[in-house]
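*Asks:* I would like the atomic coordinates for the input below:
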Amino acid sequence: MATSHDNQSLPFLVIDKVNAVVFAFDGSGGLRGTAPALLGMAHGDASVPGIGQRKLATILPAERTTPAGRFKASLGHDFEQDILWIDYDAALSLHRVIVGRRVDNRAGRLASPTPSDNRISYGCVNVPPSFYDGVVKPLFTGTVGIVYILPETKPLRSVFAIPTGAAN
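*Replies:* Residues are numbered from 1 along each chain as shown. A predicted model of the protein is given here:
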């Protein structure tokens, strides 16, 4: 991303949904940190139209996707905490992992060695508090940045404009 200058010298995150990991880079492309992530329960690369205006209780498990794409992101708040808004209209954010219901074991899922149990959220990206506070928040404080969420069901070229001869 940095060599293509698509990030416009802004800090950026790359979210790999297949491996459930977030990579954080400064504006010049230097890796600042990585962390496991919890993602939307459903596999898919698009948000359901109007999802951001719906109450959580009305969102079906099959609609709980983390969409793929390039997003301009900035720090903000929801009802309870500071978060990184990835797509405000779709209510998509990256935030510290929440405790949630005991049966969800969100912290345990983040700590597990495999990404197979990291699909639990309504679509938001949940990361360890230390990664959010120590890496994401400092990178995005006082500026906007870019978030690239890699697709898991669509071809990469159908989501991102990749010049011919570049990665497949």
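
*Asks:* for the closest residue to residue 9 other than its chain neighbours, phi and psi?
*Replies:* Leaving aside its chain neighbours, residue 9 sits nearest to residue 27 (4.4 Å; criterion: CB to CB, 6 or more residues apart in numbering). Where C-beta positions appear, they are placed from N, C-alpha and C, glycine not excepted. Backbone geometry at residue 27, expressed as degrees, to the nearest 10, gives phi -60, psi -20.

*Asks:* now residue 100
*Replies:* Torsion angles, degrees, to the nearest 10, at residue 100: phi 60, psi -160.

*Asks:* Could you report the neighbour count for it?
*Replies:* Using other CB atoms under 10 Å, residue 100 has 14 neighbouring residues.

*Asks:* which residues does it contact?
*Replies:* residue 106 (CB atoms under 8 Å, 6 or more residues apart in numbering).

*Asks:* So for the residue positioned nearest the centre of the chain, what pLDDT did the model give?
*Replies:* Residue closest to the average C-alpha location in the chain (CA atoms, centre = their mean): residue 125, at 4.4 Å. What the model reports for residue 125 is a pLDDT of 96.

*Asks:* where in the protein is pLDDT low?
*Replies:* For the chain, applying pLDDT under 70 flags the ranges 1-3, 163-168.

*Asks:* hey, which strand is longest across it?
*Replies:* Using DSSP state E, we find that the single longest strand of the chain is strand 69-77.

*Asks:* mind listing what's buried in that one?
*Replies:* Buried residues in strand 69-77, counted by 16 or more other CB atoms under 10 Å: 69, 71, 73, 75.

*Asks:* Nearest to residue 16, out of the residues you listed: which one, please.
*Replies:* The shortest approach to residue 16 among those belongs to residue 69, at 13.8 Å (CB to CB).
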